[in-house]
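Asks: got a predicted structure here, sequence first:
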Amino acid sequence: MLPELGHFALILALLLAALQAFFGIVGPALGRDRWTSATVPAVAGQFVMVTTAMACLVASFVRFDFSVRYVAENSNSALPLFYRVAALWGAHEGSLLLWIFLLACWTLAVTIGSARLPQRFAARVLGTLGLVSFGFLLFTLLTSSPFLRLEPPAADGNDLNPLLQDPGLASHPPILYTGYVGLAVAFAFACAAMLEGRVDQTWARWARPWTTAAWAFLTCGITLGSWWSYYTLGWGGYWAWDPVENASFMPWLMATALIHSLAVTDKRGLFKSWTLLLAIIAFSLSLIGTFLVRSGVVVSVHSFAADPTRGIAILLFLVAIIGSALTLYAWRAPLLRSSAGFELGARESFLLFNNILLVIAAATVFGGTMAPLIAETLHQGALSVGPPYFRPTFLLPALPLLALLAMGIHANWKRGRLGDSRRMLLVSLAIALACGLAVVFGAFADRSVLALAGIALGAWIILSSSVDPIERWRRGLSLSRAVLGMTAAHIGLGVVVIGLTVVESYTVERDIALGTNGSAQVGAYEFRLLGTRPVEGPNYSAVRAEVVVSRDGHRLVTLYPEKRQYWVRRQVGTVAGIKNRYGSDIFIALGDDLGAGRWSLRAQIRPMILLLWLGPILMALGGFVALSDRRYRAASASAAARVPLAAAAKEPAA
Amino acid sequence: MRARVSITRFVIPLVAFALIAVVFAVGIKHSPEVGTIVSPLVGKPAPEWELPLLDDVTRRIGSKDFRGQWYVLNVWGTWCFACRQEHNALLELQRTSAVPIVGIDWRDDDAQAREWLARLGNPYAHVAVDHDGHAAIEWGVYGAPETFLVNPAGIVVHKQIGPMTAEVWRRDFASRLPPPRRASS
């Protein structure tokens, strides 16, 4: 009964989404206020229906209902409760339902949060969101319903993909999706503005907190994914430039650009059409990300559920949504004019460069991800690009971006002189360089220009971002949450840059073969294999090794790396043994049984890797603090502040 | 008032997206079907294998017995959900195709396997048992079911990951086989 109820709820949700889109877009267009005001009830109804569907699927998983095909394919009677719930997004159909559910949540949040927006504008935002939701619901119902029955019912399920049976990964998709879907809100704000035919500072102030929230979730999601791949995939890598990783990274880069461009639109009323375009592109990339993961167009380790027939449906949906948004853009954006100018050294210029460099960075990632596809289209045969392409091409825009960030924070709006900050910038640069030299020559004694540049840039960003807030705090002046959040996010970025540089430059890695009581020296540490023994988990059996790590003859820690064999899928999973010591990781993963009690092991010493996880947390935290600033909550719909854009065309656009 | 602005630059994103969409469309057309992960084994000699038979564990069967003929090797198990799904397709193939299907019962209980075949029908010309999974490792099996097509020279011609269907057979297996009269010789 429950699956049928869920299916029915989805159909009702589809109808309500259609109503939401219709009332939200057509109502304001025809000036029918009663239609317009019907949008909000449709949102509420859709939310209730989608939530019901979610609950039905969760209940089917919890109750081991193996007559539901999706449940049978992705869970098992031995699967613990936590993973039975997480199994919901273990494959394609459930992931889509999660996407729809999160979109319904965001839409509801927008409805509640936009009580102060002009009714027509709010309706247009909700209408656009309804259209997106309609597309996803239609796609789900036509090609990938999770509620299909299995005839006859399976005796037991096929179990959840073992790669997903991990707390890190179980929480990674929902958080990442929250970010992906959140960009739909920015997209909807942009579409609504284009439908209204005007963009102004008030508009930017409405759109900012939503964009920042989506960005912060995206930051968390990507970090969780990276952390997960670091410690469960067994190869100790945290970023592989895999197509699916890129699919989450590109929207992040564009969302970062969007946040900064919105700041300019908010404070100075500039970059209007550019901001709109960024909002469209950011969401488009998150849709394309979904497409890449789900269609099987790009083969990747992450494509748990790829299916080209669905790919065509997703492509049609992409063309409909992105194509119409870009058409709207081509039609409406020429009407938008910016009415102010700025000097070369002003903050606007720095943010312009920030945007250009971020777009270049996203474009290089996009190019690399698409390269295999493009080569195939041009009949150039199989071509695939990996880290050797991505690393240098990504650094090219990234390094100047970091340097400009350290300076740009101190630039003033409109005026082009750095003035008093010049001395401070030079002093902080000198300190940062000294830090870099100290690390490069002191701690690691390995001279690499890139390592020096990375550490110095990271330190410079941290110093330069903290100077002003510390100064204000010392003088007892108040600090707005927006500034506090921005500072935290920039410091977080500096921390990531330093962490990345050190980890990339100074990781020691060795594959070793050890017999019982054998030992090997890796870096400053000695690894001794005491032995292996079989262990049993709830739905797997494993071999667990006992490895003692010591340094200078002192025993530091015993690590227990595991190699698991999951019963149902007969798939192998690795759990590395990791000990964090002063921010550095001692990492050991169990490889293959070489026979006669000998095992292959991979040992790594990753210095300061903790920074790689702390930095993004600080960035996301900064985002959340910034969006809680009072000025966004106070942003009311005073019509007087809103000047029709087309009428305000005096000076050339930036 | 409507300012006279060239709209060309505002159309650029739309044109760029159209190009990307075309690339995607071509990509879908060329994309591998579900489960065709390129195996390093395809195009190479099949691993040498020899395993006991399910019906009579004292007798063994192996690659030597199939030299000079086409055969399909299907890795399955009674514990495997998707194997149940493909079972009817395999039964159908046994009726319609001349190529023998060799089953490798992977990490399974022999009694359960016999019961399964008795109950659902046996599509296999021979069923070998791989209790410890060593043969499956040799074949690079990632998860059941997997199906291999091996030619008379002992070369793996194709590998299918995931359930066999009539569609998969027609497209990926039958198309690689010689015309029926020669295959049945």
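Replies: Noted; the coordinates are in hand.
Asks: so what pLDDT did the residue in chain A that chain B sits nearest to get?
Replies: Closest contact between chain A and chain B, by CB to the nearest CB, is at A:Asn158 (3.6 Å). Every residue, glycine included, has its C-beta placed from N, CA and C. pLDDT for A:Asn158: 75.
Asks: now the strands for chain A?
Replies: Ranges of strands in chain A, per DSSP state E, are A:508-514, A:519-522, A:525-536, A:540-551, A:554-559, A:562-566, A:572-575, A:577-581, A:584-595, A:598-606.
Asks: list the buried residues for the first one?
Replies: Neighbour counts over strand A:508-514 (16 or more other CB atoms under 10 Å in any protein chain shown) mark A:Ile512, A:Leu514 as buried.
Asks: who's in contact with the residue sitting nearest the centre point of chain A?
Replies: Geometric centre of chain A, nearest residue: A:Leu218, 2.8 Å, by CA atoms, centre = their mean. Shown in contact with A:Leu218 (CB atoms under 8 Å, 6 or more residues apart in numbering or on different chains): A:Leu176, A:Gly179, A:Tyr180, A:Gly182, A:Leu183, A:Ser248, A:Pro251, A:Trp252, A:Ala255.
Asks: need the residues you listed in a markdown table with pLDDT and distance to chain B, can you?
Replies: Converted to a markdown table, these look like this (pLDDT from 0 to 100; distance: CB to the nearest CB, whole Å):
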| residue | pLDDT | distance to chain B |
| --- | --- | --- |
| A:Leu176 | 91 | 22 |
| A:Gly179 | 94 | 22 |
| A:Tyr180 | 91 | 18 |
| A:Gly182 | 95 | 22 |
| A:Leu183 | 96 | 16 |
| A:Ser248 | 90 | 18 |
| A:Pro251 | 95 | 15 |
| A:Trp252 | 96 | 19 |
| A:Ala255 | 97 | 17 |
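Asks: so which of those wins on neighbours?
Replies: For the contacts of A:Leu218, the largest number of neighbours (other CB atoms under 10 Å in any protein chain shown) sits with A:Ala255, at 33 neighbours.
Asks: out of everything not next to it in sequence, what's closest to it?
Replies: Closest residue to A:Ala255 apart from its sequence neighbours, by CB to CB, 6 or more residues apart in numbering or on different chains: A:Trp215 at 4.3 Å.
Asks: from what I can see the one you found touches A:Ala257, true?
Replies: No. The pair A:Trp215 / A:Ala257 is not scored as a contact, 10.2 Å apart, by CB atoms under 8 Å.
Asks: which one of the two is surrounded by more residues?
Replies: Between A:Trp215 and A:Ala257, counted using other CB under 10 Å, the more crowded position is A:Trp215 (28 against 24).
Asks: check the more buried one and give its pLDDT.
Replies: On the pLDDT scale, A:Trp215 gets 97.
Asks: likewise the one 3 residues further on?
Replies: Among the per-residue scores, A:Leu218 shows a pLDDT of 95.
Asks: for chain B, what spans make up the strands?
Replies: So, for chain B - with DSSP E - the strands run B:50-52, B:60-62, B:71-76, B:101-106, B:126-130, B:146-150, B:156-161.
Asks: send the alpha carbons of the fifth one over as PDB?
Replies: Taking Å, rounded to 0.1, in the frame of the first residue of the first chain, the C-alpha atoms of strand B:126-130 are listed here in PDB:
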ATOM      1  CA  HIS B 126      27.600 -26.900 -18.000                       C
ATOM      2  CA  VAL B 127      27.800 -25.400 -14.500                       C
ATOM      3  CA  ALA B 128      31.100 -25.100 -12.800                       C
ATOM      4  CA  VAL B 129      31.500 -24.100  -9.100                       C
ATOM      5  CA  ASP B 130      33.900 -21.500  -7.900                       C
END
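Asks: what's the closest of the strands of chain B to chain A?
Replies: Shortest distance between chain A and those, using CB to the nearest CB, is found for strand B:101-106: 7.2 Å.
Asks: so what are the sheet partners of that closest one and their directions?
Replies: Using DSSP bridges, strand B:101-106 pairs in its sheet with strand B:71-76 (parallel), strand B:126-130 (parallel).
Asks: list the contacts of it.
Replies: A:570, B:51, B:54, B:61, B:66, B:71-78, B:80, B:90, B:93-94, B:113, B:123-130, B:133, B:135-136, B:139, B:141, B:144.
Asks: what mean pLDDT does that strand get?
Replies: For strand B:101-106, mean pLDDT rounds to 90.
Asks: just how off-centre is that strand within its chain?
Replies: 12 Å (CA atoms, centre = their mean, to the nearest Å).
Asks: relative to strand B:146-150, how tilted is it?
Replies: 140 degrees (axes from the mean of the first three to the mean of the last three CA atoms, to 10 degrees).
Asks: skipping its backbone neighbours, what lies nearest the residue nearest the centre of chain B in space?
Replies: With distances taken as CA atoms, centre = their mean, B:Gln160 lies nearest the centre of chain B, 2.1 Å away. Nearest non-adjacent residue to B:Gln160, counting by CB to CB, 6+ apart: B:Thr147, 4.4 Å away.
Asks: could you list the low-pLDDT ranges of chain B?
Replies: By pLDDT under 70, the low-scoring segments of chain B are B:1-6, B:29-40, B:81, B:142-143, B:180-185.
Asks: so which residues of it form helices?
Replies: All helices of chain B, identified by DSSP state H, fall at B:8-30, B:81-96, B:110-120, B:134-138, B:166-168, B:180-183.
Asks: okay, A:Gly367: pLDDT?
Replies: Looking at A:Gly367, its pLDDT reads 88.
Asks: oh, I was asking about A:Thr507
Replies: 86.
Asks: just A:Ala647 next, same as before
Replies: 38.
Asks: same deal with the one 3 residues further on?
Replies: Among the per-residue scores, A:Lys650 shows a pLDDT of 37.
Asks: hmm, back to that, let me see the contact set for the residue nearest to B:Gln160.
Replies: Counted by CB under 8 Å, 6+ apart, B:Thr147 has contacts B:Val72, B:Leu73, B:Asn74, B:Val75, B:Lys159, B:Gln160, B:Met164, B:Phe173.
Asks: who wins for neighbours among these?
Replies: B:Met164 leads those on contacts (other CB under 10 Å) with 28 neighbours.
Asks: next one: phi and psi at it?
Replies: The phi/psi pair for B:Met164 (degrees, to the nearest 10) reads phi -80, psi 140.
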